[in-house]
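A.B. asks: What would the 3D arrangement of this be:
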Amino acid sequence: MLFKTTDEHEALRKKVREFAEAEVKPIAFQLDQGNEFPEEIVKKMGSELNIMGLPYEEEYGGAGKDVISYAIAVEELSRVDGGVGVILSAHTSLGSYPIEAFGTDEQKKKYLVPLAKGEKIGAFGLTEPEAGSDAGGTETTAVLEGDHYILNGGKIFITNAPYADTYVVFAVTHPGMGTKGISAFIVEKGWDGFTFGDHYDKLGIRSSSTAELIFNNVKVPKENLLGKEGQGFRIAMQTLDGGRIGIASQALGIAQGAYEAALQYSKERIQFGKPIAAQQVISFKLAEMATKLRAARFLIYSAAEMKHNGERYSMEAAMAKKYASDKALEIVNDALQIHGGNGFLKGMDVERFYRDAKITTIYEGTNEIMDVVIASNIIGKLGKAEHAGAKTAFVAKNDGPITGNRKREIIKADTAQEAVDILVENLKKDGYDFSVGIPVDTPIYDAERVVSVGKGIQDAEHFHLGEELAKAAGAALGGSRPVAETMKLVPLDRYVGMSGQKFNGNLYIACGISGASQHLKGIKNASTIVAINKNAGAPIFKNCDYGIVGDMFEIMPLLAEALGTGEKEPAPPMKKVRRSKPRKLAPNHKVMVCPGCGYEYDPDLGDPEGEIDPGTDFENLPDDWTCPECQEEKENFIEADFPEDRK
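C.D. replies: I've put the predicted structure just below:
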């Protein structure tokens, strides 16, 4: 490159910039406010601009350009709207590259050609609730049965979903082998059992659609295995290296747009009788911003050139991504500051740039992971130092469910009625009295019981089933985020989840809720969780005490009838029901249980982190001692009881 782009590069920049100014900029505010995916613009990016396959060979539908050209295209789109920029980045770097790099000729002709031409959109399915920065934590599985792999599990935060047509998905084919047991597959939208969660309502890049992928016994043909079994982790990491060039370019474009807006505004805004650009403090800010932009651009184009030339570029891509995204945050912050109060208003470009920039430090490897990548390339592999008597401490991975230790009793019965009868019998044994209840409009955080409905309720026509079950259970009525925000079947203050209302009561009945991590984190303090869902692979079943797999429209009326549809007596003040844990034998000491998270204090172990020595009885703990797991106060702990046959 010799520190200068070519005339061809700059001609492409001009073409993409004109397109972005004419097609994207006029509706950027609308896309942001409406959380809208720009389908028509994306089609034109393929049919008119021919940029959806810029770095791929013409033989496979691409434009045959270099990687710098691709970086420039992402940069110029992001200069107007970071969401549109990442649509191209995710499609090209993540959805198409693995097929180009690891696919067979047949796979390339079938999938890469329409992707590169822009006839179809691509996406990349790696992230899971327990597999973010640590991709080795993948839990989605693919089991070979005859001529197909049976895919089960789910992915979260997937860019371009659900609008993408083709997904490169990573799943465990050989359990127990860690990263060497992960394989990659090409999965098509529309296959039976492949569904989507709702479009996330994000802080920024709101024109970019991001959704959850749900796989329920999806049949993937053997020929859709990408590469070989066990190569999935390598494919993912190599893909992410290139993807980081795209995200760095996105960050650069956002920062460039913010800088240009600030420069223009500073020339027009008059204070103290002259443009604020003439004030030294503002002019120096602009000088710093321009310098950071130039440095970031060189890092990005250099990494892109190395990739195009077939050189090792993992470290350089990580450097470019880290630097460009970090500096983008600084630049958009200064740009908004230059705009003053006006920059804080909705509709101002810098306000949107400010929100859009943050994500570039998080996805395709957080910037903390970029430091790991850079450091490992610098230092290399160090030999193992063996010292006599030395001990190595390992931190155990938390493989448990998000909601803590649960019974996970999935009720198996010949009929739905039998399953409901077994469930009700178990709940009554656990101490639940369904002759009493609370009003359905009781605030979620005050409720002893909640019946919550998810997307499985489908529409308003079926919503009465949730209301009737809540009344029969003597419970308040709640809903998942999509039911409140998208379907608008319950008010926003009845949405249960990590970012909504937290449920701290006893009984939580989840109907048609798949169990996204943010929802599960909002109900983890429940004493008992009941799940009703037709998808046996839904995460909610790993996080419940009792589960019924079946048609919620059949089960909910039966359960309401079994609990009693008559009037309920007012429930007494809530007393926390002990969360049950399987136990072979009762201990010979009194067991005190945290009502918030189920933690059991063991006097034989004490609480080393709380400076409580082993052998300290619960009664002798300081009055200000709190639960080491959730900080519940000592005075709220309850004594566990055990059946006589376990004593």
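
A.B. asks: which stretches of this structure aren't confidently modelled?
C.D. replies: 1-2, 381-400, 580-589, 641-647 (pLDDT under 70).

A.B. asks: Now residue 221: closest residue in space, sequence neighbours ignored.
C.D. replies: residue 148 (5.9 Å; Cβ to Cβ, 6 or more residues apart in numbering). Yep, even glycine has a C-beta here, placed from its N, CA and C like the rest.

A.B. asks: any idea where the helices of the stretch 501-647 of the chain begin and end?
C.D. replies: 517-523, 552-563 (DSSP state H, counting those that start in this stretch).

A.B. asks: winner for burial among those helices?
C.D. replies: Ranked by average neighbour count under the criterion mean count of other Cβ atoms under 10 Å, the helices of the stretch 501-647 of the chain are headed by helix 517-523 at a mean of 23.

A.B. asks: Could you export that one as CSV, keeping only the C-alpha atoms?
C.D. replies: Output of helix 517-523 as CSV, limited to C-alpha atoms (Å, rounded to 0.1, in the frame of the first residue of the first chain):
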residue,chain,number,x,y,z
SER,A,517,-30.6,-15.7,29.5
GLN,A,518,-31.8,-12.2,30.3
HIS,A,519,-35.2,-13.7,31.2
LEU,A,520,-33.7,-16.5,33.3
LYS,A,521,-31.6,-14.0,35.3
GLY,A,522,-34.8,-12.2,36.2
ILE,A,523,-36.3,-15.3,37.8
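
A.B. asks: quick one: contacts of it?
C.D. replies: 129, 156, 401-403, 480-481, 496-503, 508, 510, 513, 529, 539-540, 543 (Cβ atoms under 8 Å, 6 or more residues apart in numbering).

A.B. asks: can you rerun that using 6 Å?
C.D. replies: 129, 402-403, 480, 496-499, 502-503, 508, 543 (Cβ atoms under 6 Å, 6 or more residues apart in numbering).

A.B. asks: possible to save those as CSV with distance to residue 558 and neighbour count?
C.D. replies: Shown next, in CSV, are the contacts of helix 517-523 (distance: Cβ to Cβ, whole Å; neighbours: other Cβ atoms under 10 Å):
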residue, distance to residue 558, neighbour count
129, 31, 20
402, 28, 22
403, 25, 25
480, 22, 33
496, 24, 28
497, 27, 23
498, 31, 16
499, 33, 11
502, 30, 15
503, 24, 25
508, 19, 29
543, 23, 26
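
A.B. asks: Would you format the residues you listed as JSON lines with distance to residue 96 included?
C.D. replies: Below are these laid out as JSON lines (distance: Cβ to Cβ, whole Å):
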{"residue": "129", "distance to residue 96": "26"}
{"residue": "402", "distance to residue 96": "33"}
{"residue": "403", "distance to residue 96": "38"}
{"residue": "480", "distance to residue 96": "33"}
{"residue": "496", "distance to residue 96": "38"}
{"residue": "497", "distance to residue 96": "34"}
{"residue": "498", "distance to residue 96": "33"}
{"residue": "499", "distance to residue 96": "33"}
{"residue": "502", "distance to residue 96": "41"}
{"residue": "503", "distance to residue 96": "42"}
{"residue": "508", "distance to residue 96": "42"}
{"residue": "543", "distance to residue 96": "35"}
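
A.B. asks: Can you tell me which of these comes closest to residue 439?
C.D. replies: Distances from residue 439 to the contacts of helix 517-523, taken as Cβ to Cβ, are shortest for residue 503 (16.0 Å).

A.B. asks: Skipping its backbone neighbours, what lies nearest the closest one in space?
C.D. replies: Residue 503 sits nearest to residue 523 (Cβ to Cβ, 6+ apart), 4.9 Å away.

A.B. asks: ranges for the helices of the stretch 101-250 of the chain?
C.D. replies: Going by DSSP H, counting those that start in this stretch, the stretch 101-250 of the chain shows helices at 105-107, 113-117, 232-268.

A.B. asks: so of the ones you listed, which one's packed in deepest?
C.D. replies: helix 232-268 (a mean of 25).

A.B. asks: next structured bit after that one?
C.D. replies: Sequence order places strand 270-271 as the next helix or strand after helix 232-268, per DSSP states H and E.

A.B. asks: Tell me which strands that following strand pairs with, and in which orientation.
C.D. replies: Take DSSP bridges as the rule and strand 270-271 pairs in its sheet with strand 274-275 (antiparallel).

A.B. asks: contacts for the partner strand?
C.D. replies: residue 267.

A.B. asks: Could you list every helix and strand in contact with the next helix or strand after that strand?
C.D. replies: Per DSSP H and E, strand 274-275 leads on to helix 280-308 as the next helix or strand towards the C-terminus. Judged by 3 or more Cβ pairs under 6 Å, 6 or more residues apart in numbering; DSSP states H and E, the packing partners of helix 280-308 are helix 67-78, helix 232-268, helix 314-339.

A.B. asks: Now distance to residue 351 too, for those helices, in CSV please.
C.D. replies: Shown next, in CSV, are these (distance: least, Cβ to Cβ, whole Å):
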stretch, distance to residue 351
helix 67-78, 16
helix 232-268, 10
helix 314-339, 7
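
A.B. asks: Against residue 449, how distant is the residue lying farthest from the centre of the chain?
C.D. replies: Largest separation from the mean C-alpha position in the chain: residue 273, at 50.0 Å (Cα atoms, centre = their mean). For residue 273, the distance to residue 449 (Cβ to Cβ, to the nearest Å) stands at 67 Å.

A.B. asks: Put together TSV for the helices of the stretch 501-647 of the chain, with distance to residue 408 on each row.
C.D. replies: Listed next are those as TSV, based on distance: least, Cβ to Cβ, whole Å:
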stretch	distance to residue 408
helix 517-523	13
helix 552-563	18
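
A.B. asks: so which of those helices gets nearest residue 195?
C.D. replies: Among the helices of the stretch 501-647 of the chain, helix 552-563 sits nearest to residue 195 (Cβ to Cβ), with 15.2 Å.

A.B. asks: Report how many residues lie close to the residue nearest to residue 221.
C.D. replies: 16 (other Cβ atoms under 10 Å).

A.B. asks: Is it correct that it is in contact with residue 217?
C.D. replies: No: using Cβ atoms under 6 Å, residue 148 is not in contact with residue 217, being 10.2 Å away.

A.B. asks: So which of the helices and strands packed on helix 280-308 is nearest residue 290?
C.D. replies: Counting by Cβ to Cβ, residue 290 lies closest to helix 232-268 out of these; the figure is 6.8 Å.

A.B. asks: so that closest one versus helix 280-308, what angle?
C.D. replies: Put simply, helix 232-268 runs at 150 degrees to helix 280-308, going by axes from the mean of the first three to the mean of the last three Cα atoms, to 10 degrees.

A.B. asks: by contact count, what packs against helix 232-268?
C.D. replies: helix 67-78, helix 82-89, helix 97-102, strand 182-188, helix 280-308, helix 314-339, helix 349-357.

A.B. asks: of these, which approaches residue 638 most closely?
C.D. replies: Among those, the nearest to residue 638 by Cβ to Cβ is strand 182-188 (42.8 Å).

A.B. asks: No further questions, thank you.
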